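Q: this one's structure only:
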């Protein structure tokens with residue numbers, strides 16, 4: 001697999017600095033980056049708690065099933081005219 005293909009595996013993940021809320025605990029986390037697990041090239045998300053900066057790593061598929069994006073002005077969806085929030 002080429003480096004370009006490997007980069008593509010991580011681009012689909014959450015973006016640096018985006019905030020996510022854990023569905024079960026309600027705690028908020030900030031994404032640091034996406035990466036690849038060396039063993040099998042599984043895309044993973046590296047993120048930290050906003051409370052204590054503990055770092056965590058989860059496979060991207062698991063992350064997507066356990067977290068929801070926290071809408072803030074910085075990561076709110078863009079509307080058709082390019083403005084945030086609609």
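A: Sure thing, it's come through. No experiment lies behind these values; they were computed from the predicted model shown.

Q: wouldn't residue 13 be in contact with residue 42 here?
A: No. At 11.4 Å, residue 13 and residue 42 do not qualify as touching, with contact defined as CB atoms under 8 Å. For the C-beta atoms, the positions are set from N, CA and C on the backbone; glycine is no exception.

Q: So between those two, which is more surrounded?
A: Taking other CB atoms under 10 Å, residue 13 and residue 42 do not tie; residue 13 has more neighbours (19 against 14).

Q: wait, is residue 61 part of a helix?
A: Yes. The assignment for residue 61 (DSSP: H, G, I helix; E, B strand; the rest coil) places it in a helix.

Q: what number of residues lie near it?
A: If we define neighbours as other CB under 10 Å, then residue 61 has 12 of them.

Q: so what pLDDT did it get?
A: Looking at residue 61, its pLDDT is 93.

Q: Then residue 1?
A: 65.

Q: ditto for residue 85
A: Reported pLDDT for residue 85: 47.

Q: picking up where we left off before, spell out which residues are contacts of both of residue 13 and residue 42.
A: residue 60 (CB atoms under 8 Å, 6 or more residues apart in numbering).

Q: Tell me which stretches of the chain form strands.
A: 19-22, 28-36, 43-49, 55-59, 67-69 (DSSP state E).

Q: want to try JSON lines for these, with mean neighbour count as columns?
A: Below are the strands of the chain laid out as JSON lines (neighbours: other CB atoms under 10 Å):
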{"stretch": "strand 19-22", "mean neighbour count": "17"}
{"stretch": "strand 28-36", "mean neighbour count": "17"}
{"stretch": "strand 43-49", "mean neighbour count": "19"}
{"stretch": "strand 55-59", "mean neighbour count": "13"}
{"stretch": "strand 67-69", "mean neighbour count": "16"}
